[in-house]
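Q: Everything below, folded, please.
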Amino acid sequence: MSNYNIIPMDEPGLFTVNTTTTSYIVHVATDNFYDKEQVMKELCRAIVAIERQGHIVTSAQELHADGHRPRVAFRQSKQYQEAKKEKLDEIISASYITYWSSGACFRAPCKVNLNTHEVFEIQNAGNPSDDDDCIGEYVSIDDAETEVHIIDEILELCLDDEEAKNELQNIKTNNSYWISFSGKKLDTELEKLKSM
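A: Residues are numbered from 1 along each chain as shown. Below you'll find the model as predicted:
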């Protein structure tokens, strides 16, 4: 398993966030749908997370493939004000469990955001055989297993946007645990579907 990401410079949603002591690269995953307001919201969430670590953010710039780096006026934006009011994410360590048709079971360390119910940073715990099918994916918190919904599969397998919207809304309404292996966010995908 690789420990790096290769991101093309022409990928939208790439920013530098500069502080008094260091700079950060922030990538807001946009897929093929670039919603400027949603990207700004995610950037502001990242900026607030950096500030909550005790850093003083001095500026943010969008990175362009041609080397152009326009400044982002985030400080007075409504997205920044909203991000500052959001609750601190409560991240815990948990186990991601997959059950396979062969009878195999893999248990891997992962992280869970208890506010958003996102499961992420799953580590490798083994590889099933090529003809093995995954029959269940769960997160274990305090030895209690709960099903995990895969956003990518819902968006790919639903027959239409309305069905996908209803599936995602059910996850949100029921505070279900979810994951995306392609960097998607539940709220972002739900907003896209509602705007269609």
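Q: what residues are up against the residue nearest to Leu63 when sequence neighbours are not counted?
A: Closest residue to Leu63 apart from its sequence neighbours, by C-beta to C-beta, 6 or more residues apart in numbering: Leu14 at 4.2 Å. (C-beta placed from N, C-alpha, C; glycine too.) Leu14 makes contact with 7, 25-27, 62-63, according to C-beta atoms under 8 Å, 6 or more residues apart in numbering.
Q: Could you export these as TSV, including pLDDT, neighbour count and distance to Arg71?
A: Shown next, in TSV, are these (pLDDT from 0 to 100; neighbours: other C-beta atoms under 10 Å; distance: C-beta to C-beta, whole Å):
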residue	pLDDT	neighbour count	distance to Arg71
Ile7	76	13	21
Ile25	93	11	16
Val26	93	19	14
His27	89	17	18
Glu62	94	17	8
Leu63	92	20	12
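Q: Can I get these in TSV including secondary structure?
A: Below are the contacts of Leu14 laid out as TSV (DSSP: H, G, I helix; E, B strand; the rest coil):
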residue	secondary structure
Ile7	coil
Ile25	strand
Val26	strand
His27	strand
Glu62	strand
Leu63	coil
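Q: Out of those, give me the two with the largest separation.
A: Spatially, the most separated pair among those is Ile7 and Glu62, at 13.7 Å (C-beta to C-beta).
Q: Just the buried positions in the strand or helix carrying Thr146, please.
A: When elements are assigned from DSSP states H and E, Thr146 belongs to strand 144-150. By neighbour count with 16 or more other C-beta atoms under 10 Å, strand 144-150 contains the buried residues 148-150.
Q: tally of neighbours for the nearest residue to Asp133 once chain neighbours are set aside?
A: Excluding the flanking residues, the one nearest Asp133 by C-beta to C-beta, 6+ apart is Ser101, at 4.4 Å. For Ser101, the count of nearby residues is 12 (other C-beta atoms under 10 Å).
Q: just Ile179 next, same as before
A: 22.
Q: Which pLDDT does the model give the residue nearest to Asp133?
A: Confidence at Ser101, expressed as pLDDT, is 93.
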